[in-house]
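Peer 1: Just a sequence and a predicted model for now, questions to come.
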Amino acid sequence: MAYHDAGLADDYWKQYYTPNEVEEILANRTTTMFISGRYPIHVGLYLQRQSAPTVVMAHGMYVYGLTLARLQLPFFRAGFNVVAWDLPGMGQSGGPRGGCTILEFVHAWHDAIRFAHESFGDPLFTLGVAEDGITCYYASANSSRVRAISIHALLEPGDYEGMHWHGPHWWTRVLANSLRLGSITRPSMSRPSEGLVPLEWIFSGPGDQRVIQLLRQDPIGFNRVTLRMASMLGVRLPAPVPYEACQTPVQMIASEENRIWRYDRVLGNYQRLACPKQLVILPGAGQWEYNQQFHETYAAHVIRWFKGNGAECPIDEIPVPSPVISEVPD
């Protein structure tokens, strides 16, 4: 039965978009689910009427699938199937709210890739935005099902550089050990999620203050984080496929003025990749912006990368990127 609600009866999500965007989402988005471990995983689908390449994506910590339609729709318009799923414990997926671990995210990524491949076949591409680029890479690198990857951050959990805003490395180490101890004694105890990173550091574009307020009040938003989840951010978790052993083509889109995942560090990890690769630099950009131009420009670079790695779309149209973003081939 179709309810024409994009898979969420509450209308709160519509405030993130213009009326025209809401209409496009309602007209094209359907939903389903798959199981990952103990959790039902919510999936939003934008599907072509004929055979088409498929892009699989999740989301960063402070958003969820239905809030990222501005990133998803350009792929659908360009001829891709889009499989956009919510991480366990976030958005519309099952699991303890703000209480799942990085290992569970990686496991869910493996299950999402398997679900998409069994449902839609080849070719399959994966897209990891913000910190989800880490788990996307962990699950996608050297996978026989994945043709190419695009990520926004290339780091390993437990790298104290990835927590630099909390203070010097010695203090970050103290915090990480304290969270680990707390997760053993009171794993379900929670705290405001903005203690992990200020939302203003994530969304820094014009008009993003309104989006920040919407996210803070979103009834299914990431408003609190448990000690179980927070403690994992300081635990060393090396990539299953070392960067030097990766064979799957990887595109990294790096925000030059990212205050969270600093450019020099992600660039150093990118340079370690042994696979065919491409670096796209966002000059002067912070971590993310919520406006339509940023999403469409970002998606245009990814679409061109995927098409260069075997994506033959029924719609032969690639959005034109904005000149403020420049591509730098390796």
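Peer 2: Cool, got the structure.

Peer 1: And Val43, which helix or strand is it part of?
Peer 2: strand 39-46 (DSSP states H and E).

Peer 1: Any figure for the gap between Thr185 and Pro74?
Peer 2: Using CB to CB, to the nearest Å, Thr185 is found at 46 Å from Pro74. From N, CA and C alone the C-beta is placed, and that goes for glycine too.

Peer 1: The two: which has the busier surroundings?
Peer 2: Per other CB atoms under 10 Å, whichever of Thr185 and Pro74 has more neighbours is Pro74, with 22 against 8.

Peer 1: what residues are up against the more buried one?
Peer 2: In this structure, Pro74 makes contact with 295-296, 299-300, 303, 319, judged by CB atoms under 8 Å, 6 or more residues apart in numbering.

Peer 1: Pull out the buried positions in the strand holding Val43.
Peer 2: Within strand 39-46, the residues that count as buried by 16 or more other CB atoms under 10 Å are 39, 41-46.

Peer 1: Show residues contacting that strand.
Peer 2: Contacts of strand 39-46 (CB under 8 Å, 6+ apart): 6-7, 28-35, 65-66, 72-73, 75-76, 81-86, 88-89, 91-95, 100, 104, 108, 111-112, 115.

Peer 1: give the contact list for Ala112.
Peer 2: 34, 36, 41, 43, 56, 58, 83, 85, 139.

Peer 1: Output the residues you listed in a markdown table; the columns should cover distance to Ala285.
Peer 2: A markdown table is the format used below for those (distance: CB to CB, whole Å):
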| residue | distance to Ala285 |
| --- | --- |
| Phe34 | 34 |
| Ser36 | 32 |
| Ile41 | 30 |
| Val43 | 29 |
| Val56 | 24 |
| Ala58 | 21 |
| Val83 | 27 |
| Trp85 | 26 |
| Ala139 | 26 |
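
Peer 1: tell me which of those residues is nearest to Ala254?
Peer 2: Ala58 (19.4 Å; CB to CB).

Peer 1: neighbours of the closest one, just the number please.
Peer 2: Close neighbours of Ala58, defined as other CB under 10 Å, add up to 31.

Peer 1: Please report how far Pro198 lies from Pro192.
Peer 2: Plainly put, Pro198 is 11 Å away from Pro192 if you go by CB to CB.

Peer 1: where are the low-confidence patches of the stretch 101-250 of the chain?
Peer 2: Across the stretch 101-250 of the chain, the ranges flagged by pLDDT under 70 are 158-184, 187, 227, 233-234.

Peer 1: how about 80 then?
Peer 2: The stretch 101-250 of the chain contains residues with pLDDT under 80 at 157-197, 225-236.

Peer 1: Can you show me the helices along it?
Peer 2: Counting by DSSP state H, counting those that start in this stretch, residue ranges of the helices within the stretch 101-250 of the chain are 102-120, 132-140, 169-185, 199-202, 208-217, 227-232.

Peer 1: List the contacts of the closest residue in space to Gly60 that isn't next to it in sequence.
Peer 2: Here the nearest residue to Gly60 in space, its sequence neighbours aside, is Ala130; by CB to CB, 6 or more residues apart in numbering that works out to 3.1 Å. Taking CB under 8 Å, 6+ apart, we find Ala130 in contact with 59-61, 152-153, 202, 287-288.

Peer 1: Serialize the residues you listed to JSON lines and add fields for neighbour count.
Peer 2: Listed next are those as JSON lines, based on neighbours: other CB atoms under 10 Å:
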{"residue": "His59", "neighbour count": "25"}
{"residue": "Gly60", "neighbour count": "21"}
{"residue": "Met61", "neighbour count": "20"}
{"residue": "His152", "neighbour count": "28"}
{"residue": "Ala153", "neighbour count": "26"}
{"residue": "Ile202", "neighbour count": "26"}
{"residue": "Gln287", "neighbour count": "23"}
{"residue": "Trp288", "neighbour count": "26"}
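
Peer 1: Using a markdown table, please lay out those together with distance to Trp261.
Peer 2: A markdown table is the format used below for the contacts of Ala130 (distance: CB to CB, whole Å):
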| residue | distance to Trp261 |
| --- | --- |
| His59 | 16 |
| Gly60 | 11 |
| Met61 | 13 |
| His152 | 8 |
| Ala153 | 4 |
| Ile202 | 11 |
| Gln287 | 7 |
| Trp288 | 11 |
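
Peer 1: any idea which residue of the protein is furthest from its center?
Peer 2: Most distant residue from the mean C-alpha position of the chain: Thr185, 30.5 Å away (CA atoms, centre = their mean).

Peer 1: State the distance from it to Arg259.
Peer 2: Plainly put, Thr185 is 32 Å away from Arg259 if you go by CB to CB.

Peer 1: ditto for Ala84
Peer 2: From Ala84 to Arg259 the distance is 26 Å (CB to CB).

Peer 1: So the spatially closest residue to Val197 that is not a sequence neighbour: helix, strand or coil?
Peer 2: Spatial nearest neighbour of Val197, excluding adjacent residues (CB to CB, 6+ apart): Ile260 at 6.0 Å. With DSSP: H, G, I helix; E, B strand; the rest coil as the basis, Ile260 sits in coil.

Peer 1: Just give me the neighbour total for Ala254.
Peer 2: 23.

Peer 1: Please verify my assumption that it contacts Gln271.
Peer 2: No. Using CB atoms under 8 Å, Ala254 makes no contact with Gln271, being 11.6 Å away.
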